[in-house]
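Q: Can you look at this prediction? I've put the sequence above it.
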Amino acid sequence: MNRKEKEQVISDLGERVKGLQAAVLTNYRGLNVEQINHLRQRLREEKISYHVVKNTLIKLAAKGTDLEKLNQYFQGPTALAISYGDPVLLAKILSEFIKTQPSLEIKVGLIQGKVITPEEVKTLATMPSREVIFSQILGAIEGTARQLGAVLYLALQQVLGTLQARVDQLSQETSEERKTVT
């Protein structure tokens, strides 16, 4: 790769790492090209990119970005997975792939600017997706609102029942007074 090509790779990678939500560095030693392409295709389906680039080029591209926090991990065979969306999805895909191809090793992760360990990446993979969490929260809010509505309805019925009983009592007292007057 000549100097111009290296500059282009650094520029392209530098643009890709801007605005990332999650990044995971992996050691791909032990995987063949077909297996890496299969992983790359699976990640691409979810709009996640996977790059096998020289460590020195990644370090240069990472300058001035959150990815620079991972400089110490750019050693040995390293591939970079970049997600601009839900970090849980990236962790899930990598964890699923590792189940069938244990040669792939997670080195470190970066989630919204915070460095996380491989164990934390795997833990992240067990979490429900952002959409599922939102629907669970909305379901809880809806259930609570429904219960609150039912409690308020019952309280209102009791108040109305009490008022009606008092109206009936006053009406009865008034009719008894009329009887005694006549």
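A: Good, I have the coordinates.
Q: low-confidence ranges in this structure?
A: 181-182 (pLDDT under 70).
Q: what about the helices in it?
A: Along the chain, the segments classed as helices by DSSP state H run 3-17, 33-45, 55-62, 87-100, 118-125, 130-181.
Q: Not counting sequence-adjacent ones, nearest residue to Phe97?
A: Leaving aside its sequence neighbours, Phe97 sits nearest to Leu39 (C-beta to C-beta, 6 or more residues apart in numbering; 5.3 Å). Every residue, glycine included, has its C-beta placed from N, CA and C.
Q: For that neighbour, give its distance to Pro102.
A: 13 Å (C-beta to C-beta, to the nearest Å).
Q: if you count what's nearby, which of the two comes out ahead?
A: Just comparing Leu39 and Pro102: by other C-beta atoms under 10 Å the higher neighbour count belongs to Leu39, 24 against 9.
Q: Could you dump the helices of the chain into JSON lines with distance to Gln75 added?
A: Converted to JSON lines, those look like this (distance: least, C-beta to C-beta, whole Å):
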{"stretch": "helix 3-17", "distance to Gln75": "17"}
{"stretch": "helix 33-45", "distance to Gln75": "19"}
{"stretch": "helix 55-62", "distance to Gln75": "6"}
{"stretch": "helix 87-100", "distance to Gln75": "19"}
{"stretch": "helix 118-125", "distance to Gln75": "15"}
{"stretch": "helix 130-181", "distance to Gln75": "32"}
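Q: looking at the ones you listed, which is closest to Asn27?
A: Nearest to Asn27, of all the helices of the chain, is helix 118-125, at 10.1 Å by C-beta to C-beta.
Q: Put the alpha carbons of the closest one into CSV.
A: C-alpha atoms of helix 118-125 as CSV (Å, rounded to 0.1, in the frame of the first residue of the first chain):
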residue,chain,number,x,y,z
PRO,A,118,-14.9,-7.9,27.0
GLU,A,119,-17.1,-9.2,29.9
GLU,A,120,-19.2,-6.0,29.8
VAL,A,121,-19.6,-6.4,26.0
LYS,A,122,-20.9,-9.9,26.6
THR,A,123,-23.2,-8.7,29.4
LEU,A,124,-24.5,-6.0,27.1
ALA,A,125,-25.4,-8.7,24.6
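Q: residues touching the closest residue in space to Val115 that isn't next to it in sequence, list them.
A: Once flanking residues are discounted, Val115 sits nearest to Lys69: 5.4 Å by C-beta to C-beta, 6+ apart. By C-beta atoms under 8 Å, 6 or more residues apart in numbering, Lys69 lies in contact with 110, 113, 115.
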